[in-house]
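>>> Below is the sequence, then the predicted model.
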Amino acid sequence: MINEVFEMETKKVLVLGDSGTGKKTALEHICNDLIETESASYGKTTLNQKKLQIFSPSGRRRFTFMKEVLSKNMDGAIIFIDNTQGITPSSSKLIDFVEKKEVPYVIFANKQDLSNEPLDDSIEVPILPTQATSGEGVSDGLNTLLELI
């Protein structure tokens, strides 16, 4: 009898957002063995028969170059927005950055426990309500991204 070996597809996801938007907290809910350095965070997970490698550059100004380095060969992105602040000029730049890469992305409107006001509805990508502290909506949002990839 021949054993069939199924190799799971691996996808690279970039997680972006201003400092304090909840990226690291959310990653702790979805990644196995989250590795953190001063310049970036990295974790792995498996969801819907897909292996995910998740990278998130530091929000510190001196590591802005890491966004470009980590975006190479990415399959999709998640942009975290602090829903209490809305879309800031720097988060608009992150949206522009990802759109220029021409990959699917979603926006996590995080901190829904503090403010559930809707974000700008002119954005034409899924905007998903999340609460990183509890993990609420994070896996569902990741599933939405996987459907787009």
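Thanks, I have it. Numbering: from 1, shown residues only.

>>> C-alpha from now on. contacts and neighbour counts both.
Noted.

>>> Next, residue 87: phi, psi?
phi -80, psi 110 (degrees, to the nearest 10).

>>> quick one: pLDDT of the residue nearest to it when sequence neighbours are not counted?
Leaving aside its chain neighbours, residue 87 sits nearest to residue 81 (6.5 Å; criterion: C-alpha to C-alpha, 6 or more residues apart in numbering). Looking at residue 81, its pLDDT is 93.

>>> where do the helices sit along this protein?
Assigned by DSSP state H, the chain shows helices spanning 23-30, 65-71, 89-101, 138-148.

>>> Outside of the second one itself, which residues are in contact with it?
So that's helix 65-71. Helix 65-71 is contacted from outside by 14, 39, 40, 55, 56, 57, 58, using C-alpha atoms under 8 Å, 6 or more residues apart in numbering.

>>> Please repeat the previous calculation with a cut-off of 10 Å.
12-16, 39-40, 54-59, 77, 94, 97-98, 101 (C-alpha atoms under 10 Å, 6 or more residues apart in numbering).

>>> PyMOL command to pick out the buried ones of these?
The PyMOL command for the buried members of these (criterion: 16 or more other C-alpha atoms under 10 Å) is given here:
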select buried, resi 12+13+14+15+16+39+40+54+55+56+57+58+59+77+94+98
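
>>> now this protein, which segments are flagged as low pLDDT?
For the chain, the stretches with pLDDT under 70 are 1-7, 120-121.

>>> What are the boundaries of the strands in it?
9-17, 32-36, 40-47, 50-57, 76-82, 105-110, 127-129 (DSSP state E).

>>> need those strands in JSON lines with distance to residue 23, can you?
Shown next, in JSON lines, are these (distance: least, C-alpha to C-alpha, whole Å):
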{"stretch": "strand 9-17", "distance to residue 23": "7"}
{"stretch": "strand 32-36", "distance to residue 23": "12"}
{"stretch": "strand 40-47", "distance to residue 23": "9"}
{"stretch": "strand 50-57", "distance to residue 23": "8"}
{"stretch": "strand 76-82", "distance to residue 23": "7"}
{"stretch": "strand 105-110", "distance to residue 23": "9"}
{"stretch": "strand 127-129", "distance to residue 23": "14"}
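
>>> which one of those lies closest to residue 136?
strand 127-129 (8.4 Å; C-alpha to C-alpha).

>>> circling back to that earlier point, now do the same contact list for the residue nearest to residue 87.
Counted by C-alpha under 10 Å, 6+ apart, residue 81 has contacts 16-23, 87-88, 91-92, 107-111, 119, 127, 129-130.
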